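[1] What shape does this take:
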Amino acid sequence: RHFIIPGVVALVMALVGAQLTSLTIAREWERGTMELLVSTPVTPMELMLGKLCPYFAIGLIDAAFCLTLAVAWFGVPLRGDLSTLLLTTSLYLLVVLCLGYFVSVSIRSQVGASQVALLVTMLPTSLLSGFSFPIEQMPEFVQRITYLVSARYYVTILKSVFLKGSTLAELWLPVACLAAYALVMVLLAARAFRKTLD
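    Numbering: from 1, shown residues only. From the prediction side, this is the model:
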């Protein structure tokens, strides 16, 4: 229970965050309102912020609910600092929201965007993050692939904060990797949207 529950938090956040944002721009195409959106004077970055901010708030509420359940209902000990959890959860949430937004911009169908978002978040998070299987027991080739999965860093952070009481200074490497991942995803998502109807 102590090993699995912290990973469930990452799984739920990846699934909910990417699924919600994967429909944002795709919905505009299907409703026929993309012309109105393109004609507005907002920049692509402002549009992305406007689309993602509500989901970021929802994601933080969702994370707080999951973390509360983990401690109060399932009895997983929280030995670390809440501020470390808040910072790293915000970084991970930024990654999954931008990933969902990127998928939404790239695919104009809500069904297609939802399925791709499910594929790129659910499978890597459940199989390659250390949630279901310890990374140390995977084949060496697969272990190398796990470095490309953002959930790997977040699951490591969650387990370390919950079970070991690790501080931000002790977790500098996974936090730095997660921050770099978040920066790359923000840049990709911001550059993906073009104010054209092509």
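[2] Can you check what pLDDT the model gives the residue of the chain most remote from its centre?
    Computed with Cα atoms, centre = their mean, the residue of the chain farthest from its C-alpha average is residue 39, at 30.1 Å. With respect to pLDDT, residue 39 scores 79.
[3] Please report the distance of it from residue 108.
    Distance, residue 39 to residue 108, using Cβ to Cβ, to the nearest Å: 18 Å. All C-beta spots, glycine's among them, are computed from the backbone N, C-alpha and C.
[4] swap in residue 7?
    According to Cβ to Cβ, residue 7 and residue 108 sit 33 Å apart.
[5] Would you mind telling me which of the two has more residues around it?
    Taking other Cβ atoms under 10 Å, residue 7 and residue 108 do not tie; residue 7 has more neighbours (21 against 15).
[6] name the element the more buried one belongs to?
    Per DSSP states H and E: residue 7 is located in helix 5-21.
[7] And that helix, what does it pack against?
    Helix 5-21 sits against helix 44-72, helix 82-106, helix 110-127, helix 150-159, with contacts defined as 3 or more Cβ pairs under 8 Å, 6 or more residues apart in numbering; DSSP states H and E.
[8] Can I get those in a markdown table including distance to residue 188?
    Output for those, formatted as a markdown table (distance: least, Cβ to Cβ, whole Å):
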| stretch | distance to residue 188 |
| --- | --- |
| helix 44-72 | 11 |
| helix 82-106 | 6 |
| helix 110-127 | 13 |
| helix 150-159 | 13 |
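[9] can I get those in TSV with distance to residue 30 and mean neighbour count?
    Below are these laid out as TSV (distance: least, Cβ to Cβ, whole Å; neighbours: other Cβ atoms under 10 Å):
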stretch	distance to residue 30	mean neighbour count
helix 44-72	15	16
helix 82-106	11	23
helix 110-127	6	18
helix 150-159	28	26
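[10] helices or strands up against the helix or strand following the helix holding residue 7?
    Beyond helix 5-21 on the C-terminal side, the first helix or strand identified by DSSP H and E is helix 24-31. In terms of contacts (3+ Cβ pairs under 8 Å, 6+ apart), helix 24-31 is packed against helix 44-72, helix 82-106, helix 110-127.
[11] mind listing what's buried in helix 24-31?
    Within helix 24-31, the residues that count as buried by 16 or more other Cβ atoms under 10 Å are 24, 25, 26, 28, 29.
[12] can you give me the mean pLDDT across stretch 167-187?
    When pLDDT is averaged along stretch 167-187, the result is 92.
[13] now what about it, what contacts it?
    For stretch 167-187, contacts defined as Cβ atoms under 8 Å, 6 or more residues apart in numbering pick out 80-81, 83-84, 87-88, 91-92, 94-95, 98-99, 102, 150, 153-154, 156-157, 160-161.
[14] mind listing what the nearest residue to residue 162 once chain neighbours are set aside touches?
    Closest residue in space to residue 162, ignoring its immediate chain neighbours: residue 6 at 4.9 Å, by Cβ to Cβ, 6 or more residues apart in numbering. Contacts for residue 6 (Cβ under 8 Å, 6+ apart) come out as 70, 76, 155, 158, 159, 162, 163.
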